[in-house]
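Enquirer: With the sequence up front, the predicted model follows.
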2 protein chains.
Amino acid sequence: MGRNAPIRSNRRKELIESTIAVIAAYGYHGTTVSRVAKAAGVSTGLMNFHFESKDKLFEAVFQHLESEYDQVWQERIAAAPQEPWPLLNVMIETYFDREVFTGEKLAVWFAFWSDPALRDKFRDAATAVERRYVKELERQVLEILADHPAVEKVAQRATGALSAMIDGFWLQALLYPKKFKTRDAVKSCIAFVQVIELYYRQERELADLRRELTGQRAPKSPEKT
Amino acid sequence: MGRNAPIRSNRRKELIESTIAVIAAYGYHGTTVSRVAKAAGVSTGLMNFHFESKDKLFEAVFQHLESEYDQVWQERIAAAPQEPWPLLNVMIETYFDREVFTGEKLAVWFAFWSDPALRDKFRDAATAVERRYVKELERQVLEILADHPAVEKVAQRATGALSAMIDGFWLQALLYPKKFKTRDAVKSCIAFVQVIELYYRQERELADLRRELTGQRAPKSPEKT
DNA sequence: TCAAATTTTGAACGATCATTCAGTCTGATG
DNA sequence: CATCAGACTGAATGATCGTTCAAAATTTGA
């Protein structure tokens, strides 16, 4: 088994990558064992030798994508300066990292999400990881907005909106790959947090200035976001 | 043919609605003619009598959803006060209207989007309508931010981010239907535009106050969003 | 009431699917 | 060199798919 294991796992990886390519090209609906086998240059029989069924193959594809994504996330976070703004930047950029944010992989994620059976099957696993990412996002947003009185609620809602925006850009990248610009998407996501922070900063400045100007004017409290 | 048309089109509508239910329950991948027939309580042969093929059936489903969506959009817009803020509110709410924003229909949209063949087939038709909606969104955002110097670019980017946020909430509604709160999503979308507008308003107030306070302090220009 | 037109049925057909398995190939071991 | 376990092949199998079509049921028009 000493030398066999790498052969076996290499082949598995090849087949998984071929599956990703086939799903992207033909959809989950059009992904047949023979197509994947042809794409990988092997016989159909080999598919059920390495994965005991088509379902198990999809399971392996899902776990491959998920662990790859998690690995990239961890690496990028670890390499980033541990301060709110740079960290948030890196997190948002990681959502669109070249290694995980690929036309093919995007197609596979949406293929999984749009199938009720797969959605139910992987929801818990995917949710756990995704929730962790959102929590880490939220922590940075929280620190960025630090001083505001109702930070927690604001940060929570803002992060929810931010993660929706990210998901939405993923969908747009899938639907209009030609038009989609990753850099613009990242910019928009960051600008979203920025404008909130700048708004609160201005609010404080404004209050200070008003106090400085005259004591007569009552401090106006603008609507909360 | 005078009396036949409604019978025929009623049956068509029934079959389309059954198809939507089946796609939502079994996915595009698991949507078979016999399943749809059983859901509608008819024989399999009838499917190919009313729609000459399975492809044509899906085409009809797509057109049904699209025209329904467009109809709701037009009605809601027409009934709304023709002023920027109320209009924007109505537009955002329409994206999540009970009639078109249903668990089943959501699942069908994503089923279409996640299949490469259907995506390519309907992209142009869907893009044309969607682009029109985004243009109408943008017009309102533009009017809301009216006075700012670089309004056009800001409004364009903000609207792009807004529509991404809306799409992202659609995806979240699909993935976590239990947790998803429509009202919160609408609130977040509106708050996004609000905070931008409030930011610019504060910016002007701040400039005025500074001018009023002393002529010594140079006007500071914060980063643009 | 009756014939024509329309709507509906369901068995049958060929195609394609996932899966199986008997047998071949390969390379390391003794 | 011979052996053997792991890697691999591809034809065969049974199930299921979309589609067809002759016949039945129903509705329509006179």
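Expert: On my side now, so go ahead. Numbers count the residues shown, from 1 in each chain, chains lettered A, B, ... in the order given.
Enquirer: For the residue nearest the centre of chain A, which residues are in contact?
Expert: By CA atoms, centre = their mean, chain A has its centre lying nearest to residue A:95, at 4.1 Å. For residue A:95, the contacting residues are A:101, A:166, A:170, A:189, by CB atoms under 8 Å, 6 or more residues apart in numbering or on different chains. Where C-beta positions appear, they are placed from N, C-alpha and C, glycine not excepted.
Enquirer: Then residue A:36?
Expert: Contacts of residue A:36 (CB under 8 Å, 6+ apart): A:15, A:18-19, A:22, A:47, A:57.
Enquirer: looking at the residues you listed, which has the most residues close by?
Expert: Counting neighbours by other CB atoms under 10 Å in any protein chain shown, residue A:19 comes out on top of the contacts of residue A:36 with 25 neighbours.
Enquirer: That one: what's it in contact with?
Expert: Neighbouring residues of residue A:19 by CB under 8 Å, 6+ apart: A:31, A:36, A:57-58, A:61.
Enquirer: how far away is it from chain B?
Expert: In this structure, residue A:19 and chain B are 14 Å apart, going by CB to the nearest CB, to the nearest Å.
Enquirer: distance of that residue from residue A:211?
Expert: Distance, residue A:19 to residue A:211, by CB to CB, to the nearest Å: 64 Å.
Enquirer: now residue A:145
Expert: From residue A:145 over to residue A:211 the distance is 22 Å, taken as CB to CB.
Enquirer: So which of the contacts of residue A:19 are in helices?
Expert: Among the contacts of residue A:19, the residues falling in helices (DSSP state H) are A:36, A:57-58, A:61.
Enquirer: Using JSON lines, lay out those together with pLDDT and distance to residue A:90.
Expert: Putting the ones in helices among the contacts of residue A:19 into JSON lines (pLDDT from 0 to 100; distance: CB to CB, whole Å) gives the following:
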{"residue": "A:36", "pLDDT": "98", "distance to residue A:90": "35"}
{"residue": "A:57", "pLDDT": "98", "distance to residue A:90": "33"}
{"residue": "A:58", "pLDDT": "98", "distance to residue A:90": "31"}
{"residue": "A:61", "pLDDT": "98", "distance to residue A:90": "27"}
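Enquirer: export those to JSON lines and tack on distance to residue A:203?
Expert: Shown next, in JSON lines, are the ones in helices among the contacts of residue A:19 (distance: CB to CB, whole Å):
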{"residue": "A:36", "distance to residue A:203": "56"}
{"residue": "A:57", "distance to residue A:203": "54"}
{"residue": "A:58", "distance to residue A:203": "50"}
{"residue": "A:61", "distance to residue A:203": "48"}
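Enquirer: and which of the residues you listed is nearest DNA strand C?
Expert: The closest of the ones in helices among the contacts of residue A:19 to DNA strand C turns out to be residue A:57 (CB to the nearest atom of the strand; 7.3 Å).
Enquirer: Do I have it right that the closest one meets residue A:15?
Expert: Yes. Here residue A:57 lies in contact with residue A:15, judged by CB atoms under 8 Å, at a distance of 7.2 Å.
Enquirer: Looking at the contacts of residue A:95, state which has the most neighbours.
Expert: Using other CB under 10 Å as the neighbour criterion, residue A:189 leads those with 26 neighbours.
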